[in-house]
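Trainee: Provide a 3D model corresponding to the input given below.
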Amino acid sequence: MMLINKIACLPLLLVAVCAAQNTLPPLPAPLGVPAPGPSTDGPYAPQPILPGGIVMTLYPPGSPFLNMEKIRQAEQYNMSQSVPGRISSIVNIHNPSIEVHTVDRGLNTGAAVILVPGGAHIMLNVSSSGADFVPFFYNYGVNTIILRSRLRSDGYNPHTDEVYDTQQAIRLVRAHAKDWNIDPNKIGIMGFSAGAELATAAAVLYDDFDKKNSAPGDPLASISSRPDFVGVIYPGPTPFARDGVPPPIPRNVPPSFIASAGSDDQIRAAMWADEYFAAMLALRVPNLEMHIYANGRHPGDVLRDGSVMTGGLTDQKGIPFGTWQFRFIDWFRDLGFLEAPGVETKAAKDIAYYLTQPVIPSSESLAVLLTAAGDGSQVYTCTDGHWTLKAPDARLLDEHGQLIGTHFAGPTWRLTDGSEVKGKVIASRPAQDTAAVPELLLQAVAGSGTGKLANATYIDRTETHGGAAGSDPCTSGEKRVPYTAKYRFYTTRP
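Mentor: Numbering: from 1, shown residues only. Modelled structure (predicted):
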């Protein structure tokens, strides 16, 4: 009986032995997991987020920009709970820095994008709006720099300290452009959410920053903080938000690419994106491009299915909003930033041309002096078989239809009290009436104004009807084409 029991147990023992022999070995621990540097008696030394990153602090030790009471504190990493080695965000940043990732010489376009991560000024999302872009831009020959700026949650001011970090980063990259094989005329910024707040501020406030930081002892004193391009991705409030006083826009303001979700992000990014775009468009800044996507929300928002909206380079479940980065590359290529290093970009050429053109005033800077209706003719003369404008010949009428002046060659506007002004066309656009002369903006010729019109600085012609010569050929003579229009005379606000 005992023998039988032993024989019966033998298969069970073999199964147990085999099972033990087939048990998989334990998984190895993740390797190369990034970690903050230690706190020491000296300023904290930021560590690279990605392998091979060249990390440089923005300010020299003892700089008045730094908080000397906190400069020795180590950064704190918030690691992903599901992806080993992925830094979700960083906080406790007191020694701000840049991390530089260059591309191979055979690919290098010389262009460099400084990434300004988002995080609501509470944390810095250095992966989704930072590290993830390094291999993406590498494929296009674009060098990538990740900015680690200070945070409001650590006691810093987003409108000063964080903006200064962004501006200083641009100067630092430009100062070392030769060392990193970067074209100093192809250095720009791309900000996300709160980071886009900083990017849009840096896009217009560089002159003031450079003047305030031009002391002889500053090694970056002669280096400009003007970005050559700006990416504004689902932004926070820009300097042109409605509840603030907008700053003046420099004439050489860089071109901007803007992307945001639309109605479902209306109270945040879409409205702020639109305000920034409108401010630039009002001055006809060259090479603006904006994409507002119908389907999408702000990263971090809860969707209707209970999932959370992602940002950065994520596919976002296949919706068009998940392709904004390719639209940026299209724009970037179109402006010449993907050409070889040293080749002047279309963006630079367009800005240079823009600077030669007359300044188009913003409506906020002007006050209306007088409004008049024009009623008369555009007079043409036959030149080389085509009708050429000779002069206007019109009456100026007030809102009651009473005669208050005349409009004639010059072009000149003269009121019945003897005051007059001459104008020079600085902008035009086609009228809605295809048979009408174009709408015009004219700048008053300096010193030409007298009397009531002495302080006129601009005149516009709108609501035009008729007056176009037509394309029919001519042999000789003159013809008069009836037209009407509205004229407004402006003065510049003090």
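Trainee: Let me know the pLDDT of residue 428.
Mentor: On pLDDT, residue 428 comes in at 82.
Trainee: Name the SS class of it, please.
Mentor: strand (DSSP: H, G, I helix; E, B strand; the rest coil).
Trainee: Now do the closest residue in space to it that isn't next to it in sequence, the pLDDT please.
Mentor: Closest residue to residue 428 apart from its sequence neighbours, by Cβ to Cβ, 6 or more residues apart in numbering: residue 438 at 4.5 Å. Using the backbone N, CA and C atoms, a C-beta is placed for each residue, glycine as well. As predicted, residue 438 sits at a pLDDT of 91.
Trainee: Would you mind measuring from residue 438 to residue 462?
Mentor: Taking Cβ to Cβ, to the nearest Å as the measure, residue 438 and residue 462 are separated by 10 Å.
Trainee: now swap in residue 99 and tell me
Mentor: 52 Å.
Trainee: repeat for residue 233
Mentor: From residue 233 to residue 462 the distance is 36 Å (Cβ to Cβ).
Trainee: So for the two, which residue has more residues nearby?
Mentor: A side-by-side neighbour count of residue 233 and residue 462, using other Cβ atoms under 10 Å, places residue 233 first with 28 against 13.
Trainee: ok now do residue 290, which residues does it touch?
Mentor: Shown in contact with residue 290 (Cβ atoms under 8 Å, 6 or more residues apart in numbering): 257, 258, 259, 273, 274, 277.
Trainee: Identify, from these, the entry nearest to residue 296.
Mentor: residue 259 (9.7 Å; Cβ to Cβ).
Trainee: Can you give me the buried ones in the helix or strand harbouring the closest one?
Mentor: Element membership of residue 259, judged by DSSP states H and E, is strand 256-261. Across strand 256-261, burial judged by 16 or more other Cβ atoms under 10 Å covers 256, 257, 258, 259, 260, 261.
Trainee: For residue 347, what are phi and psi?
Mentor: The phi/psi pair for residue 347 (degrees, to the nearest 10) reads phi -60, psi -50.
Trainee: ok, it to residue 109 distance?
Mentor: Taking Cβ to Cβ, one finds residue 347 at 13 Å from residue 109.
Trainee: Need the residues touching each of those two.
Mentor: residue 337.
Trainee: How about residue 445: what's its closest non-neighbour residue?
Mentor: Per Cβ to Cβ, 6+ apart, closest to residue 445 is residue 422, 4.3 Å.
Trainee: Enumerate every residue touching the one you found.
Mentor: Applying Cβ under 8 Å, 6+ apart to residue 422 gives the contacts 410, 411, 412, 444, 445, 448.
Trainee: could you point out which element follows the strand holding residue 259?
Mentor: helix 271-282.
Trainee: Endpoints of stretch 320-329, how far apart?
Mentor: End-to-end distance for stretch 320-329: 15 Å, by Cα to Cα, to the nearest Å.
Trainee: contacting residues around it?
Mentor: Stretch 320-329 is contacted from outside by 136, 140, 190, 231, 233, 257, 259, 261, 289, 291, 293, 295-296, 313-316, 338, using Cβ under 8 Å, 6+ apart.
Trainee: So which of these belong to helices?
Mentor: The helices, defined by DSSP state H, take in residue 136 from the contacts of stretch 320-329.
Trainee: Quick one: buried ones out of the contacts of stretch 320-329?
Mentor: 140, 190, 231, 233, 257, 259, 261, 289, 291, 293, 296, 316, 338.
Trainee: ok, what's across the strand from the fourth one?
Mentor: When assigned by DSSP bridges, residue 233 has beta-bridge partners residue 192, residue 259.
Trainee: what sits against it?
Mentor: Residue 233 is in contact with 129, 190, 191, 192, 193, 196, 258, 259, 260, 324, counting by Cβ under 8 Å, 6+ apart.
Trainee: change it to 10 Å
Mentor: 115-116, 118, 129, 190-193, 195-196, 199, 257-260, 269, 273, 291, 299, 311-312, 324-325, 328 (Cβ atoms under 10 Å, 6 or more residues apart in numbering).
Trainee: filter these to the buried ones?
Mentor: 115-116, 118, 129, 190-193, 195-196, 199, 257-260, 269, 273, 291, 299, 311-312, 324-325, 328.
Trainee: State the distance from residue 93 to residue 118.
Mentor: In terms of Cβ to Cβ, residue 93 sits 14 Å off from residue 118.
Trainee: Sorry, wrong one. I was asking about residue 429.
Mentor: Distance of residue 429 to residue 118, computed by Cβ to Cβ: 38 Å.
Trainee: follow-up on the earlier one: point out the least confident member of the buried residues of strand 256-261, please.
Mentor: Lowest confidence among the buried residues of strand 256-261: residue 261, with 90.
Trainee: Could you double-check that it sits in contact with residue 269?
Mentor: Yes - counting by Cβ atoms under 10 Å, residue 261 does reach residue 269; the two are 6.6 Å apart.
Trainee: what do these two both touch?
Mentor: Common contacts of residue 261 and residue 269 (Cβ under 10 Å, 6+ apart): 234, 292, 296, 297, 298, 299.
Trainee: Now do the contacts for the fifth one.
Mentor: This means residue 298. Counting by Cβ under 10 Å, 6+ apart, residue 298 has contacts 118, 193, 234, 236, 260-261, 264-265, 267-270, 309, 311.
Trainee: May I see the contacts of residue 422 organised as CSV, with neighbour count, distance to residue 485 and secondary structure added?
Mentor: Shown next, in CSV, are those (neighbours: other Cβ atoms under 10 Å; distance: Cβ to Cβ, whole Å; DSSP: H, G, I helix; E, B strand; the rest coil):
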residue, neighbour count, distance to residue 485, secondary structure
410, 16, 16, coil
411, 19, 12, coil
412, 17, 15, strand
444, 23, 17, strand
445, 14, 20, coil
448, 17, 20, coil
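Trainee: Nearest to residue 226 among these?
Mentor: residue 444 (31.5 Å).
Trainee: I'd say the closest one and residue 455 touch.
Mentor: Yes - between residue 444 and residue 455 there is a contact at 9.0 Å, judged by Cβ under 10 Å.
Trainee: who touches both of the two?
Mentor: In contact with both residue 444 and residue 455: 421, 489, 490, 491, 492, using Cβ under 10 Å, 6+ apart.
Trainee: Return the subset of these lying in strands.
Mentor: 421, 489, 490, 491, 492 (DSSP state E).
Trainee: Can you tell me which of those has the most neighbours?
Mentor: Result: residue 421 is most packed of those (other Cβ under 10 Å), 26 neighbours.
Trainee: shaky segments in this protein?
Mentor: 1-21 (pLDDT under 70).
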